[in-house]
Every structure is written in structure tokens, then in C-alpha cells.
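*Asks:* Sequence and predicted model, in that order:
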Amino acid sequence: MGSRPLMPTPATHPRPRSSESLSPPPVPAPRLGHKKSRKGCAQCKRRHVKCDEGAPCSNCVRHGVACSRAGGPYVTRDDAKGRRASASSSATSTAGKATRADQASDAQTALPGSRGARRDARQRSAIDALPPFMQDEQQRALDLQLMHHYMACTNAVMTNHRTEEAILAIWQIDTPKVAFQCEYVLHALLAFSALHKLRVDPGNVHQQLRHSAVQHLDHAFTLHRSNTEPVNEENANARFLFPWLVTLTSFAVLPNLPPIDAMVELLTLAKEVDSSMAETWFWVAQGPFAPILMRGFQEAIPPLSEGRSILPQGMDFGLGHLDFMLGVDTMLPDERRTCYLVLAEMKKVYDQVVTGRDMCSVATILCFPKQASSNFCELVKKRVPQALVMLAYYAVLINVLDDRWWIRGWSTRLLQDVVGDLEAQWHQWIEWPMQCILTREEAMSG
């Protein structure tokens, strides 16, 4: 048999190409040229748009914004990818911190150098910076009560001008504000509030309130003496207010000294009040305490027109004999001169109280005497009879203020001490003060 010719297979004989497959591949269209903006404004770069580099550019003109090429602000480019990355990183970091904080809060408090330990150390150091008597938790709680008592009650009895809002606002608003800014004023205010709380509500904490008042008053004196800063506009209100608060508080505290010796200290303290008024007058008269300076203490004595008898009859007769008294017994020339100066000033104060002229005030009575004050106090300390007789007449002036809680009863105690120290031959010179105070007290008690 003859052999068949073998047929070619596709693999052996490839299919001939078409005309399309034989044509060369298409050439891509050339990209149009794009001129980048190298000197574009910051606003266009932030918005990711092409800038025409005008000054200002057309985009900024169209959008009504200040172009950096025309003097506008330069703003940094806001990258969206950067924002997403930053937000993601911030969220991850916050979650990680929260987890770590929850896991290690107790450990941090226990570690000596941890944040919790530093916070506790700051709290302890703040408590250690307080005076020793205020480091007790019970005392600190009492101080909060005292400040609340002042804001609720005490400020209302600081003045008799309860119908004048300007005067009341000083004690309700301005005084606490100064106290929070000046530590020694704050301690004086707390001492005064403690004594008022003791007076209106003695309760079962009598000794605690009195002890707190004395402690605050002593610390106020310590801080005030250590402050050597000269008087200026910033501290004038505190310098003006502090002597007044201390004087009123000192009258309210029942002293352990005999009344005569205690009065000598109060007269010395009142002299500081007078000097502080002179030093701070310029600044205080322009500030919130001006109404007190001009009116609050200047009209504290009610006029006779209100139907109140300020002083009993016989004042002129009593005072008129004191000039003769100073020449009866032997005295040193300087002592006699001091007594004459004080007597002349006392007559003026009595005349102001009776007639209401020259705006007699609380300051007029408490800041007595202005002349020869130190010398007169020395005579009282030495129990010179003539000085004690004049002190008995001063007790009558103090009695004018007896309706104020902080000085109530002082005139009686002072006069009783004077009567006890004077020999019988001098009692004739103080008959009028005894009639004004002691006899009236007996009549009222009877």
C-alpha cells in the first residue's frame, strides 16, 4: 500500500496573519504640556488650584480673599492625606494613653515620682504653708463657716447706714474681695466674724470661736508686721481696711488685761488707724472705699434731731472743773502740759457729739487723742490720777457707741477699773462719768 502524505498540523504550520495583525502598534497621543505654577500664592496652594501668579491672582480676586502675593497672610498648605494620617495617629495615641492610664493609675499613685504622688505632695505643701492652727481639718471647716457667717450676717452690722446701697456694697462685696487678695486682711476679717458669731450664737463652741478669733488676730498682726512694702495704689485699700478691722476686733475681744491697760493698747492701735488714713487717703478716696472714707465713718453718730439724748445733763459742769483739777495737785510740767492738750481735744470731741457739728464720727471717738497720744498713754500706765480722771470722761464718749456690738460694755468696765484704781479723794472729780454710766447701768439692771 502506498503511504498517504502527512497533513500539516496547526502546530507545525502556523496560520497566516491578517492585514491588521501585520500593522504596527498605534502610537499614543502626545500629552499636552502643563506649566506648573512655581510662584503661586499660598491661598491657591492650600486649595490645590493653579495660580496665575498675579498680584493679586485671579482666584483670590474671584473668591474675595487676601492674596499672599498682594500682601495677604501666608497660610500653610493643608494636606488632606496629612490630616487623615494625623487624625488616625491622634486617635490611636489617645486610645493607647487611655488604656495605659487605666492600667497604671494605681501604680502611678504609688510611685514616688509619679504624677499622683506629685499632686499629693503639692496638696501637702499647700497645707504645710498654712499657719499651724489652720492645718487642722476642723479649723479649716470652721473658717469656711466664719466666712459664710460674715457674708450672711456680719457685713450687715458693720455700718448703721443700712439704707445706703453704696455703703452696704463695700462691706458685702469690696471688703471680702480685698481680704481674698491680702492674707493679713483675711485673717482679721475671720477673727471679727468669729467674735460676731460668738456674740449672736454662743452655743457649745464658745471657747473654740474665741480661740479661733485670737489665733487669726495674732497671725494677722504677724503678717502685717512682716510686710515692709510701701503704700501704693495696689495695697492702699488693704492698708486702710486692716487697722479698722483690727481695732474693732480688739474691742470685741474680752481682754485678759485690766481694762485700763487694755485701753492703753487700744489707744495705741487707734493711732495706727489715724496714720493709715492719712497715708492711704489719696488712693482710697478714688476707689471703692471712698464712701466709707467720706460718709460711712463721718456720719456714724446719729444727730440730736432723731430724738436721742446723746449725753446726760451736766457735761459742761463736769468738763469745766477739769481745768481746775489739773492745777490742784503737784504735777511735772510735761505731764501737766500733756493733760491740758488732751483735755482741750476732749472738749472739742464732746462739742461735736452734742451739737453734731464737724461730722462727728466713730473715728473721731476711737482715734482719740490725736495730740500727745504716746505721752498720755504713759501717764495712764503709771496711774497718774489726773490722767485716770480724764480717762473716766473718755469712757462717757465710748458709751456713745455702746449700741454697737463690738464695743458694748467697754465703757462700764473701763470706768469701774478707774474707780477702783483712784483713791477716794479723787472720786469727786468723776461723779459725772459715774452718773452717766454706772448709775444708769444700775437703774437699767434694777
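*Replies:* Perfect, thanks for sending it.

*Asks:* Could you pull out the strands in the stretch 251-400 of the chain for me?
*Replies:* Assigned by DSSP state E, counting those that start in this stretch, the stretch 251-400 of the chain shows no strands.

*Asks:* Tell me where it is predicted with low confidence.
*Replies:* Applying pLDDT under 70 to the stretch 251-400 of the chain flags residues 294-316, 356-360.

*Asks:* what about 50?
*Replies:* Within the stretch 251-400 of the chain, the ranges that satisfy pLDDT under 50 run 296, 298-309.

*Asks:* The stretch 51-200 of the chain too?
*Replies:* 79-80, 82, 98-99, 101-112, 126-127.

*Asks:* repeat that for 70
*Replies:* 74-136, 159-164.

*Asks:* Let me see the ranges of the helices in it.
*Replies:* 58-63, 80-110, 115-128, 137-152, 165-169, 175-181, 183-200 (DSSP state H, counting those that start in this stretch).

*Asks:* just checking, what packs against the fourth one?
*Replies:* Contact here means 3 or more Cβ pairs under 8 Å, 6 or more residues apart in numbering; DSSP states H and E; on that basis helix 137-152 packs against helix 175-181, helix 183-200, helix 206-226. Placement of C-beta: from N, CA and C, glycine included.

*Asks:* buried residues in that helix?
*Replies:* For helix 137-152, the neighbour count (16 or more other Cβ atoms under 10 Å) marks 139, 142-143, 146-147, 149-150 as buried.

*Asks:* Format the residues you listed as JSON lines; extra columns: distance to Val400.
*Replies:* Listed next are those as JSON lines, based on distance: Cβ to Cβ, whole Å:
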{"residue": "Gln139", "distance to Val400": "37"}
{"residue": "Leu142", "distance to Val400": "34"}
{"residue": "Asp143", "distance to Val400": "34"}
{"residue": "Leu146", "distance to Val400": "29"}
{"residue": "Met147", "distance to Val400": "31"}
{"residue": "His149", "distance to Val400": "27"}
{"residue": "Tyr150", "distance to Val400": "26"}
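
*Asks:* thinking again about what came up before, just the helices and strands packed on helix 137-152: most buried one?
*Replies:* Mean neighbours per residue, mean count of other Cβ atoms under 10 Å, is largest over the helices and strands packed on helix 137-152 for helix 183-200, with a mean of 24.

*Asks:* relative to helix 206-226, how tilted is that helix?
*Replies:* 160 degrees (axes from the mean of the first three to the mean of the last three Cα atoms, to 10 degrees).

*Asks:* Now tell me what touches helix 183-200 from outside.
*Replies:* Residues from elsewhere that reach helix 183-200, judged by Cβ atoms under 8 Å, 6 or more residues apart in numbering: 143, 145-147, 149-150, 153-154, 157, 175-176, 178-180, 206, 209-210, 212-214, 216-217, 219-221, 223-224, 227, 238, 241-242, 245-246, 248-249, 252-253, 405-406.

*Asks:* Taking the buried residues of helix 137-152 together, which two end up most distant?
*Replies:* The span of the buried residues of helix 137-152, defined through Cβ to Cβ, is set by Gln139 and Tyr150 at 16.4 Å.

*Asks:* For stretch 336-348, output the C-alpha coordinates as CSV.
*Replies:* Provided in CSV are the C-alpha atoms of stretch 336-348 (Å, rounded to 0.1, in the frame of the first residue of the first chain):
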residue,chain,number,x,y,z
ARG,A,336,0.5,118.9,133.1
ARG,A,337,1.1,120.1,129.5
THR,A,338,0.1,116.7,128.1
CYS,A,339,-3.1,116.7,130.2
TYR,A,340,-4.0,120.2,129.1
LEU,A,341,-3.6,119.2,125.4
VAL,A,342,-5.7,116.1,125.8
LEU,A,343,-8.3,118.0,127.7
ALA,A,344,-8.6,120.6,125.0
GLU,A,345,-9.1,118.0,122.4
MET,A,346,-11.6,116.1,124.6
LYS,A,347,-13.7,119.3,124.9
LYS,A,348,-13.9,119.6,121.1
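
*Asks:* If you count neighbours, what's buried in that stretch?
*Replies:* By 16+ other Cβ under 10 Å, the buried positions in stretch 336-348 come out as 338-339, 341-343, 345-347.

*Asks:* what does stretch 323-337 give?
*Replies:* For stretch 323-337, using 16+ other Cβ under 10 Å, the buried residues are 325-326, 331, 335.

*Asks:* and of those residues, the nearest to Thr268?
*Replies:* Nearest to Thr268 among the buried residues of stretch 323-337, with distances taken as Cβ to Cβ, is Glu335, at 18.4 Å.
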